[in-house]
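> fold the stuff below for me.
(one chain, ligands or ions: 1)
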Amino acid sequence: MTEDLRQAARECLIRYGGDSFDTLFVTAKGAHVTDDEGREILDFTSGQMCATVGHGHPAVVAAIEKSARTAIHMFSGMIPDVVAELGRRLADWVPRPLKRSLFVNTGSESNEAALRIAKLCTGGYEVAAMGGSWHGVTGAASTVSYASDRRGYGPGMPGVFPIPEPNAYRCPIEHCRDGCDMTCLRVGLRQFDMHSAGAPAAVIAEPVISAGGIIVPPEGYFERLKAACAERGMMLIFDEAQTAFGRLGHRTAAEQVGVTPDIMSVSKTLGGGVPLAATVTSDAIEEKAHERGFSYYTSHVSDPLPAAVGLAVLDTIERESLMARAVEMGGYLRHRLEGLQQRYEAIGDIRGRGLLLGVELVKDRESREPHHTLGAVTTARCFELGLSMNIRRRPERGSVWRIAPPLTVTREEIDQGVEILDRALNESLDELARP
Ligand SMILES: Cc1ncc(COP(=O)(O)O)c(C=O)c1O
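Okay, the predicted model is just below:
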């Protein structure tokens, strides 16, 4: 049966990129997944960065079971009671004046909706996005993404412009080293103004640029960005797909950096593993969008089942104090990774916040030449040894492991993961040193 299904996967599925594994996967529980050989693998990516409360959390399971008995799906024009409840709950989690939500399914969609609102309300269409960003694969979201494959799909949305990302370790404009002085932002905005056809709409940014290599902008960056948006009549959109709901130790990154965007999109970490996302904005912006005829009518907008799960996820984060846990476990994981950094020259940089950490691999610490081969070999070896980690490798940037276990991860699981990483690094460096 196992081989039969593996063959079905090889023959009947479209290959969509990303990692490919030889085995199929059967269960996901807590911080582990198991494959069709019964191997337990520690999941240091929380699935696709979604399962912050751990895979198959009992509260999530109970919400799905209850929803399956009450309502799974409804006509999109009907607002289920549980969606109204989640709207109110979410309004308590985001900083004011953010308050009103549109519930959709994926992060891409929440960004599509955010961009539509910004365009409708400003009357413009031009959007600036950070280098190294990832906002999704749908039309507009993919056009504002610079960490994904852009080639081969024809023209994207017109009017999109990249602002060089504030990467202090690998400055994209080759200006700073180790401390970003925000020249990248000044130059980027100046270039944007030069490029603009006079119809600016929005700037979209991840508060921690994740797929681009866990880049944490310097203090004061978002204040400046917000001021730059205001000067140009643009809306600031925060894409908090990965940063909202506890992973950084805060309700949202906006709360942490003290800057409230005009529109916030949230997704992965709200659904705990089921497809749930939201676009959140203020009364004033919602009113304006509504007056101008805003519509975003999909088959699964305002679906009850994911909303019930979203409520369970927010409850669980509070009940189990997972924000405090992200800080505690994130500190411990960072400390263990720094221990490895002292022993391996190849670990050039460790960065991130809470339980969203990045480890950048280099050939030597002086030149900082990216060590893409080591990244690939070690990631594969980690997997063989029972640890799943995601490496972000692109020719124009470094090789960076994105390490983001569920917030429920234990010290023992962190120790186990770091020991596997240690062994995998050791063996991979030996293998690459062989003639
Ligand atoms: C920051 C960010 N925004 C948006 C998305 C897109 O979300 P989805 O894959 O759910 O469409 C991702 C996905 O990785 C992401 O990391």
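> which non-adjacent residue is nearest residue 421?
Counting by Cβ to Cβ, 6 or more residues apart in numbering, residue 421 lies nearest to residue 382, which is 6.1 Å off, once chain neighbours are set aside. Glycine gets a C-beta too; all of them are placed from N, C-alpha and C.
> pLDDT of whichever strand or helix holds that neighbour, averaged?
Per DSSP states H and E, residue 382 falls inside helix 372-385. Across helix 372-385, pLDDT averages out at 95.
> repeat for stretch 25-33
For stretch 25-33, the per-residue pLDDT averages 97.
> between the two ends of it, what distance do you get?
Start and end residues of stretch 25-33 are separated by 7 Å (Cα to Cα, to the nearest Å).
> ditto for stretch 394-401
12 Å.
> name the surrounding residues that touch that stretch.
132, 147, 167, 169-170, 212-214, 348, 358-362, 368, 370-372, 374-376, 379, 389-393 (Cβ atoms under 8 Å, 6 or more residues apart in numbering).
> also stretch 82-98?
Counting by Cβ under 8 Å, 6+ apart, residues outside stretch 82-98 touching it are 67, 71, 99-101, 103, 244-245, 251-252, 254-255, 260-261, 264, 266, 270, 278, 280-284, 302-304, 307-308, 310-311, 314.
> give the buried residues for that stretch.
Buried residues in stretch 82-98, counted by 16 or more other Cβ atoms under 10 Å: 82-83, 86-87, 90, 93-94, 98.
> before we move on, what about stretch 223-236?
224-226, 228-229, 232, 234-236.
> next: stretch 253-269.
Buried, per 16+ other Cβ under 10 Å, within stretch 253-269: 253-254, 256-257, 259-269.
> which residues sit in contact with the residue in the stretch 151-300 of the chain positioned nearest to the ligand?
For the stretch 151-300 of the chain, the residue closest to the ligand is residue 241, as judged by Cβ to the nearest ligand atom, at 3.5 Å. When contacts are counted by Cβ under 8 Å, 6+ apart, residue 241 touches 49, 107, 110, 206, 210, 265-269, 277.
> for residue 320, same thing?
Residue 320 neighbours (Cβ under 8 Å, 6+ apart): 53, 408.
> ditto for residue 81
By Cβ under 8 Å, 6+ apart, residue 81 has no neighbours at all.
> show me which residues of the stretch 151-300 of the chain sit near the ligand.
206, 210-211, 239, 241-242, 267 (Cβ under 6 Å from any ligand atom).
> kindly recompute the last result at 8 Å.
For the stretch 151-300 of the chain, the residues in contact with the ligand (Cβ under 8 Å from any ligand atom) are 206, 210-211, 239-243, 265, 267-268, 275, 277.
> circling back: contacts for the helix holding residue 382?
Against helix 372-385 from outside (Cβ under 8 Å, 6+ apart): 21, 41, 346, 361, 388-391, 393, 395, 399-401, 420-421, 423-425, 427-429, 431-432.
> do the same with stretch 299-307
Contacts for stretch 299-307 (Cβ under 8 Å, 6+ apart): 64, 67-68, 70-74, 76, 78-80, 82-83, 85-86, 102-105, 271, 274-276.
> go through these and flag which are in strands.
102-104 (DSSP state E).
> which one of these is nearest to the ligand?
For those, the nearest to the ligand is residue 104 (9.7 Å; Cβ to the nearest ligand atom).
> OK, contacts around that closest one?
Here residue 104 is in contact with 110, 113, 277-279, 296, 298, 300-301 (criterion: Cβ under 8 Å, 6+ apart).
> cool, residue 363 as well?
346, 369-371.
> residue 348 now?
Neighbours of residue 348 in contact, by Cβ under 8 Å, 6+ apart: 169, 360-362, 365, 368, 398.
> redo that, cut-off 10 Å
169-170, 341, 359-371, 398-400 (Cβ atoms under 10 Å, 6 or more residues apart in numbering).
> can you check residue 69 too?
Applying Cβ under 10 Å, 6+ apart, no residues contact residue 69.
> and it, what's its pLDDT?
98.
> cool, and residue 22?
87.
> grab the nearest non-local neighbour of it.
Residue 22's closest residue in space is residue 6 (Cβ to Cβ, 6+ apart), at 7.6 Å.
> that neighbour and residue 25 touch, don't they?
No. In this structure, residue 6 is not within contact of residue 25 by Cβ atoms under 10 Å, at 11.2 Å.
> intersection of neighbour lists for those two?
With Cβ under 10 Å, 6+ apart, residue 6 and residue 25 have common neighbours residue 36.
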